[in-house]
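**Student:** Sequence plus predicted model, see below.
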Amino acid sequence: MWDYTDKVLELFYDPKNQGVIEATGEPGVKVATGEVGSIACGDALRLHLKVEVATDKILDARFQTFGCTSAIASSSALTEMVKGLTLDEALKVSNKDIANYLGGLPEAKMHCSVMGQEALEAAIYNYRGIPLVAHDDDDEGVLICSCFGITDTKIRRVVKENNLTTAEQVTNYVKAGGGCGSCLTKIDDIIKDVEQEVATVSKNSNNGTKTTEILNSGQIATATRPLTNVQKIALIQKVLDEEVRPVLIADGGDVELYDIEGNTVKVILKGACDSCPSSTATLKIAIESRLRDRISKEIVVEAV
Amino acid sequence: MSVIYLDNNATTKVDPQVIEAMMPYLTEYYANPSSMHTFGGQLAKAVKTAREQVAALLGADESEIVFTSCGTEGDNAAIRAALLAQPEKRHIITTQVEHPAVLNVCKQLETQGYSVTYLSVNSQGQLDLDELEASLTGNTALVSIMYANNETGTIFPIEQIGLRVKERGALFHVDAVQAVGKIPLNMKTSTVDMLTMSGHKIHAPKGIGALYVRRGVRFRPLLIGGHQERGRRAGTENVPGIVGLGKAAELELLHLEEATARERRLRDRLEQTLLAKIPDCEVNGDPKNRLPNTTNIGFKYIEGEAILLLLNKHGICASSGSACTSGSLEPSHVLRAMGLPYTTLHGSIRFSLCRYTTDAEIDRVIEVMPEIVERLRALSPFKNDDAGWLQSQSLVNSH
């Protein structure tokens, strides 16, 4: 007997939101469906979403599941979690979120939560008219597990998203390797590759202040270097243009970068912002905090 | 809530008379049966009595019984012994539907230079004797075939197989763990060279079993050490377990005819009523040559573990061949070898009865099972597949 949490058993014995959502032609509302799994694999989920077109909000969600206790509970949990979210918010729901909602799943059953996340993604992309194969290159990689039809791309994605470190975990999450087992060595290689990739990215992205050099020997060396003035100016200009100015322009104002002295950023407030009684708040909240968040905590913004 | 135990092919309840017989050997009679003193001699006598009781159940001579720790040990010992005794032969024949205690040994032997033929089965789980005949060569050291399948109950024609095996001079081992106590056996008139049985399938405790080794068959032990079991299985005897196995064997022999008739009647009533009450389900296995206590039913469009958990809520214990209950991601190798369609494969449930099973218990299963199936089918996207999702998929198990 698997060691299921009370929440898993509760949603298995008394599943919420089971069934179909029929398209009724109700104005302003559309129904989206996502299907994953197959009867051959032993589990399958068809997810139905009722979406308010104007707001992209999920008004209702229902499921039909062929599968075990945790597949049914994961499906039911998913429908509870996404009701009321916008489609963009729903796309952020991960398989880990589903498992957490259930108070955890036995590791060997994690693939049920992955199935839920994939059905959600399939439904939303169906709704948006994006062919699944076009956005999801899971099916486009090299076939690794022929028993369950799993590609290296999908294994890479799940390894990254769930920080998996062993082939056994990969099997638990996506079934790859759970048939004849002949691909387990290849899965080990993929995990090593992903670990190396993640380590490299981590070194590269340390507040933007580190750079990585590949030496001739193939070894990776990391050196800490401060941003040059040119880099700092370019970054500040980019944040202002992409994140600050659109907000101010929408309110009839604007901002222009005047100069930079050390960590002091001098700006010219324009339009409505120039005469606004809340211009100090604009400086500190809309501009300074954003630049501190994106570039350096030392930055001080002044109006000239 | 009382437990309705219909998982007797997995293990059985220890008979109270078996416990009673064992108790003195767990308390006051604790000596080593190999010791020279009178105290030890009393235990040696108890072991001898148990050996006679087991031999009687198998229709064998007591000298042909080797006590083991379980069915797996018996299977392993028989296979290894047969190969060690015939080092010049490098070929083994078995079936695709054996218990892992045989299959996995064979797979390991393949890595050690042996070739293994895994005989296929048809949709009822039956062997093709022509395929067996064609596989036998002068290089075949051993044919190891189960008497009855643990999942479907399908009984193989062991004596017909044995005649063919003997013609080609190979040794014949039979894993009879599921058959002992359910089928009358007589090793004196049999073609079988070695036969495995396990105590916990016949109301003895876990951790005790026996291997029948026909007199004259060359046997090389798996466990090497002392001289116990005539040098065929070293290690101080598990006297309480052996005494329990002996008593269980005596009781099985006593009840064999009446118990199997009763189990068959209850099994048939369960099976026929469920088939009549529940649409889209079918019995897996050979309808004629089948253990009297076993039924394996495939409920289409739903999954076995979910069925088991709902049965469990009613206190009913059964088994499934679904992947989710096996610790593997693949469903039962037995049902797959039979080529069952995927619509049935994952939703198979095995009910296995014993002499303690009552009419009231069968009534209870008949009462709750239709509701369970209906409930899960209401959740299933495949039951009323208006959108044709199921039709778009390959429905035949091609493993």
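**Tutor:** Perfect, thanks for sending it. Please read these numbers as outputs of a predicted model, since none were measured by experiment.
**Student:** For the stretch 101-250 of chain A, what lies in contact range of chain B?
**Tutor:** Applying CB under 8 Å from any CB of the partner chain, we find that the stretch 101-250 of chain A lies next to chain B at A:108-109, A:147-148, A:171, A:175, A:178-179. C-beta here means a position set from N, CA and C on the backbone, and glycine is covered the same way.
**Student:** and those residues as TSV, adding neighbour count?
**Tutor:** Shown next, in TSV, are those (neighbours: other CB atoms under 10 Å in any protein chain shown):
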residue	neighbour count
A:108	19
A:109	26
A:147	18
A:148	21
A:171	27
A:175	24
A:178	24
A:179	19
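**Student:** May I ask which two of those are separated the most?
**Tutor:** Of all pairs drawn from these, the greatest distance, 18.2 Å, lies between A:109 and A:147 (CB to CB).
**Student:** For the residue in the stretch 101-250 of chain B that chain A sits nearest to, which residues are in contact?
**Tutor:** Nearest residue of the stretch 101-250 of chain B to chain A (CB to the nearest CB) works out as residue B:107 at 11.4 Å. With contacts defined as CB atoms under 8 Å, 6 or more residues apart in numbering or on different chains, residue B:107 is in contact with residue B:116.
**Student:** cutoff 10 Å now
**Tutor:** Applying CB atoms under 10 Å, 6 or more residues apart in numbering or on different chains, we find residue B:107 in contact with B:100, B:116, B:118.
**Student:** With residue B:229 instead?
**Tutor:** The contact partners of residue B:229, by CB under 10 Å, 6+ apart, come to B:47, B:51, B:65-68, B:210-211, B:213, B:221, B:223, B:235, B:237.
**Student:** cool, residue B:390 as well?
**Tutor:** Contact analysis of residue B:390 by CB under 10 Å, 6+ apart lists A:38-39, A:44, A:66, B:301, B:342-343, B:380-384.
**Student:** out of the contacts of residue B:229, who has the most neighbours?
**Tutor:** In terms of neighbour count, residue B:210 stands highest of the contacts of residue B:229 at 33 neighbours, by other CB atoms under 10 Å in any protein chain shown.
**Student:** Could you double-check that residue B:25 lies in contact with residue B:205?
**Tutor:** No: at 11.6 Å, residue B:25 does not count as touching residue B:205 under the criterion of CB atoms under 10 Å.
**Student:** For the chain, which segments count as helices?
**Tutor:** All of this is about chain A. Ranges of helices within chain A are A:6-13, A:69-82, A:87-91, A:95-101, A:110-127, A:132-135, A:152-162, A:167-174, A:184-204, A:229-239, A:245-250, A:272-275, A:279-281, A:289-294, based on DSSP state H.
**Student:** That was the other one, I meant chain B.
**Tutor:** Listed from the start of the chain, chain B has helices (DSSP H) covering B:16-26, B:38-58, B:71-85, B:100-110, B:129-135, B:158-167, B:239-277, B:304-313, B:333-337, B:342-345, B:359-379.
**Student:** got the ones you listed as CSV, with distance to residue A:191 columns?
**Tutor:** Formatted as CSV, those follow (distance: least, CB to CB, whole Å):
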stretch, distance to residue A:191
helix B:16-26, 50
helix B:38-58, 51
helix B:71-85, 33
helix B:100-110, 26
helix B:129-135, 41
helix B:158-167, 46
helix B:239-277, 45
helix B:304-313, 28
helix B:333-337, 28
helix B:342-345, 30
helix B:359-379, 35
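**Student:** Among those, show the one with the smallest mean pLDDT.
**Tutor:** Comparing these by mean pLDDT, the weakest confidence falls on helix B:342-345, with a mean of 92.
**Student:** Okay, domains of chain B per the record?
**Tutor:** Here the domain parsing of chain B from the TED database is B:4-9+B:256-397, B:16-252.
**Student:** Just send those domains back as a markdown table, with distance to residue A:268 too.
**Tutor:** A markdown table is the format used below for the domains of chain B (distance: least, CB to CB, whole Å):
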| stretch | distance to residue A:268 |
| --- | --- |
| domain B:4-9+B:256-397 | 60 |
| domain B:16-252 | 78 |
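**Student:** Nearest to residue A:302, out of those domains?
**Tutor:** Set against residue A:302 and scored by CB to CB, the domains of chain B come closest in domain B:4-9+B:256-397, at 62.1 Å.
**Student:** Quote the end-to-end distance of the closest one.
**Tutor:** Domain B:4-9+B:256-397 has an end-to-end distance of 33 Å (CA to CA, to the nearest Å).
**Student:** Figure out how far it is from the centre of its chain.
**Tutor:** 18 Å (CA atoms, centre = their mean, to the nearest Å).
**Student:** re earlier: out of the contacts of residue B:229, which sit inside strands?
**Tutor:** Among these, DSSP state E puts B:65-68, B:210-211, B:213 in strands.
**Student:** separation between the residue nearest to the spatial centre of chain A and residue A:117?
**Tutor:** In chain A, the C-alpha closest to the average C-alpha coordinate belongs to residue A:92, at a distance of 4.7 Å (CA atoms, centre = their mean). As judged by CB to CB, to the nearest Å, residue A:92 and residue A:117 stand 10 Å apart.
**Student:** And for residue A:237?
**Tutor:** From residue A:237 over to residue A:117 (counting by CB to CB), the distance is 38 Å.
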